[in-house]
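In: The following comprises the amino acid sequence and a computationally predicted model.
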Amino acid sequence: MDSPPVSPTPLLKTNETSVETKGEGRERFSSRLAFYFSAVGSAVGFGNVWRFPSLVFEYGGGAFFIPYLLALFLVGIPLLVLEISLGQHFQLGDVGCFGKIHERARGVGLASIACGYMLVTYYSMLLAWTFNAFFASFRADNFWDQDEVSGTEAKEYFYQTIIGMDTLGDDQPDRLVGMNVFYSLLTWVVIYFSLAYGLEASGKVSYVTMGFPLVILFVFLGRSLTLEGSENGINEYIGESNWGIFSDHPEIWSRAVSQILFSLGTVGIMTAYGSHLFATLGHLAYLEGLDSVADLEYSSFGLVFGSWPVALGTLPGGQHWIRLFFIMLFMLGIDSAISFMEAFLTVLHDTKLFHNVDRKRASLVLAACSFLLSTLYATDVGLVFLDSVDYYINFVIILVGFVKCVAAGWVYKIETQIECLGSKIVFVYITTTFGSVLLACAMWFGVGNAAAGFFGLVISYVMGIAYVGYLMSKKKQEDPSLTWSDMLFVLTMSNVMKLREDLVSSVGHIPVAWAFLIRHFIPQVLLILFFLGADATTIDEEGNEVKVFGSYGGYATTYQVLGILTVVFAGFLVVSSLVLPKLYEALETVDETEKSVDKNTIDEIEMEERKKVETTGSVQLSKGELA
């Protein structure tokens, strides 16, 4: 549960001194090193500790690395380049950047920020639970005082005592867990102070919150490799692969991509987390007399809190190592939480409404509201709420990645494209490209026939392209100066190549392959993966095969609806901005407002000059001279 595709960042400084600004109030990191630590801290967070290893655990061991690595290089890195380049070029947050691409694309940036904000409200509760577990280890009834603690006991302690599920009856919230409310408040106080003092402060904080956990990680890794049975766990992690997972659970591709978009960290770091966890699980399987790690009844958060503390407890002074583990978890998570909130704060500061609002005051209001929203997860049924929303956020992440690529690769400078070829050719081509994919998905997942889906894709695309060719031939007859090569380039690549050209002026070389992926590969693949993930099935308690989407975890309808609403809300932001861009005029950036004022001033001067012409016959100034 780390950063969705990272939000565009402010400029980097090239020296090592204090924060600088570009224009009015635009902050920069105090150094490139601060930026790198903050970026890695944002990417490598709490989710790397449990989410990546748990996906490997669930989806075929080493087999998971195939979709994961493909997703990293073909989807994750190109999107990362897009986000950082947009931020460097436009010097704005997500909403401002996509508003620059097109005024109807502001909803794309809004959906991205909304996704991160919805995520951080429950992400903060994970940090609160970690705080709770840390301070609970100092109490007189410290759970870890026992001579021997099994993984099952540790997991139950975390669920029942720390989260507070011991009072849970029929999956309906019975109470707020007071300690978790308090530690959630403490978490948001930390986030507030990191935000209130700007990038200089948060950049320096990241030196500790990113550097320290990495050191501790490798200490823990070394220890886990010495435990009896650890080699069996490592072997199941990278030495054995369940290749049947690709046919049994094709949603593995969706989960791999969503994990990449959650956390664009380096492969080496997450591989290290995974190897540590699997070494520990191998030891627990050995202690419990099991033949395989797969026989352990762990999933999700239980993988972390039911394994690592138990293994660390076997060290001399084990309680202190366990406390160090909780500190590591908090530090890993706090960077990501700060990054989510910084993205939101940047968007607010960019707008004409909030541009002059004091940063400390804005941070306080934002943190206070976020704390109140996060109390939903401080109930005794908080884990159910959290798990449900976390599952559906996967679809929001994929949806956001899709619309970002469409905005960047297809919408940017579309007016110029229409001016050259005409709106009919342009929109028929867009409809053909994405309509054929939607038709294929409907036949594949709706009818349940993959062959029919592929056939529908090919036939509809060929027919659509043939019609586009016919329209282009008519266009050429109307204007013989046009060449086929020029028209094909304008139709298929001009938008994204113009974006690439503009971004290169700010960030340096970007390969042409990047432009091709952004326009012709990533959005189509993400669209397919969205429906592939929604088509995943599972076996319910009665032995029936049911769709996971809408019945995830066997949770009650209330929790399913809450999760689905996150997807609907993100989609609403995109569609409403597309159809009614005036709804979001309040989110105009300061420079857009200035341009609007300048245009109005010019129009007023022109009107005055016309009056002079009518009465005195004086020469009217042209609009170009006035501008």
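Out: Okay, I see it.

In: What ranges does the chain have for its strands?
Out: 21-22, 26-27, 537-539, 545-547 (DSSP state E).

In: Averaging pLDDT over each of those strands, report the lowest-scoring one.
Out: The minimum mean pLDDT among the strands of the chain belongs to strand 21-22 (a mean of 38).

In: do you know how far Thr431 is from Val389?
Out: 34 Å (CB to CB, to the nearest Å). All C-beta atoms are positioned from the backbone trio N, CA, C, and that covers glycine.

In: What about the closest residue to Arg323 other than its chain neighbours, how many residues nearby?
Out: In this structure, Arg323 finds its nearest non-sequential neighbour in Ser137, 5.4 Å apart by CB to CB, 6 or more residues apart in numbering. By other CB atoms under 10 Å, 18 other residues sit near Ser137.

In: got it, and the one 5 residues further on?
Out: When neighbours are defined as other CB under 10 Å, Asn142 has 12 of them.

In: Enumerate every residue touching Pro523.
Out: By CB atoms under 8 Å, 6 or more residues apart in numbering, the contact set of Pro523 is 402, 405-406, 409-410, 434.

In: So for stretch 134-142, mean pLDDT?
Out: Stretch 134-142 comes out at a mean pLDDT of 90.

In: from here on, count from 24
Out: I'll keep to 24 as the first residue from here, and by that count the last item is stretch 157-165.

In: in it, what's buried?
Out: 157, 159-160 (16 or more other CB atoms under 10 Å).

In: Name the surrounding residues that touch that stretch.
Out: So stretch 157-165 is in contact with 166-167, 184-185, 206, 342, 345-346, 349-350, 353, going by CB under 8 Å, 6+ apart.

In: doesn't Gly458 make contact with Ile488?
Out: No. When contacts are counted by CB atoms under 8 Å, Ile488 is not listed as touching Gly458 (11.6 Å).

In: Report the beta-bridge partners for the closest residue in space to Asp563 that isn't next to it in sequence.
Out: Among residues not flanking Asp563 along the chain, Val569 sits closest, at 5.0 Å (CB to CB, 6+ apart). Under DSSP bridges, the beta-bridge partners of Val569 are Thr561.

In: and Thr190, how many neighbours?
Out: 13.

In: That one contacts Gly201, correct?
Out: No. Using CB under 8 Å as the test, Thr190 is too far from Gly201 to be in contact (12.0 Å).

In: related to what we said a few turns ago, give me the more crowded residue out of Thr454 and Val412.
Out: Val412 (22 against 14).

In: need the contacts of Pro546 in CSV with pLDDT and neighbour count, can you?
Out: Listed next are those as CSV, based on pLDDT from 0 to 100; neighbours: other CB atoms under 10 Å:
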residue, pLDDT, neighbour count
Phe425, 96, 22
Cys428, 96, 28
Val429, 97, 22
Gly432, 96, 24
Trp433, 97, 20
Phe457, 97, 16
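
In: Tell me the one of those nearest Tyr578?
Out: Relative to Tyr578, the closest of those is Phe425; by CB to CB it sits at 26.5 Å.

In: pretty sure the closest one contacts Leu549?
Out: Yes. Contact criterion CB under 8 Å: Phe425 and Leu549 qualify, at 4.1 Å.

In: Enumerate every residue touching Ile357.
Out: Here Ile357 is in contact with 150, 210, 213-214, 217, 232 (criterion: CB under 8 Å, 6+ apart).

In: Filter the buried residues of stretch 157-165 down to the ones in helices?
Out: Per DSSP state H, helices hold the following members of the buried residues of stretch 157-165: 157, 159.

In: need the buried residues of stretch 157-165 in JSON lines with distance to Gly221, can you?
Out: Below are the buried residues of stretch 157-165 laid out as JSON lines (distance: CB to CB, whole Å):
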{"residue": "Phe157", "distance to Gly221": "28"}
{"residue": "Ala159", "distance to Gly221": "34"}
{"residue": "Ser160", "distance to Gly221": "34"}
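
In: Go through the buried residues of stretch 157-165 and name the one nearest Leu371.
Out: Phe157 (32.4 Å).

In: I'd like the distance from the closest residue to Phe457 other than its chain neighbours to Val449, if you could.
Out: Distance criterion CB to CB, 6+ apart; nearest residue to Phe457, sequence neighbours excluded, is Leu550 at 6.9 Å. Noted for Leu550: a distance of 19 Å to Val449, by CB to CB.

In: Next: Met486.
Out: Distance from Met486 to Val449, by CB to CB: 18 Å.

In: do Asn255 as well
Out: 58 Å.

In: show me what contacts Cys464?
Out: Cys464 neighbours (CB under 8 Å, 6+ apart): 476, 550-551, 554.

In: Give me the distance between the nearest residue to Phe154 once chain neighbours are set aside and Tyr400.
Out: Among residues not flanking Phe154 along the chain, Tyr206 sits closest, at 3.9 Å (CB to CB, 6+ apart). Distance, Tyr206 to Tyr400, by CB to CB: 12 Å.

In: Understood, closing this out.
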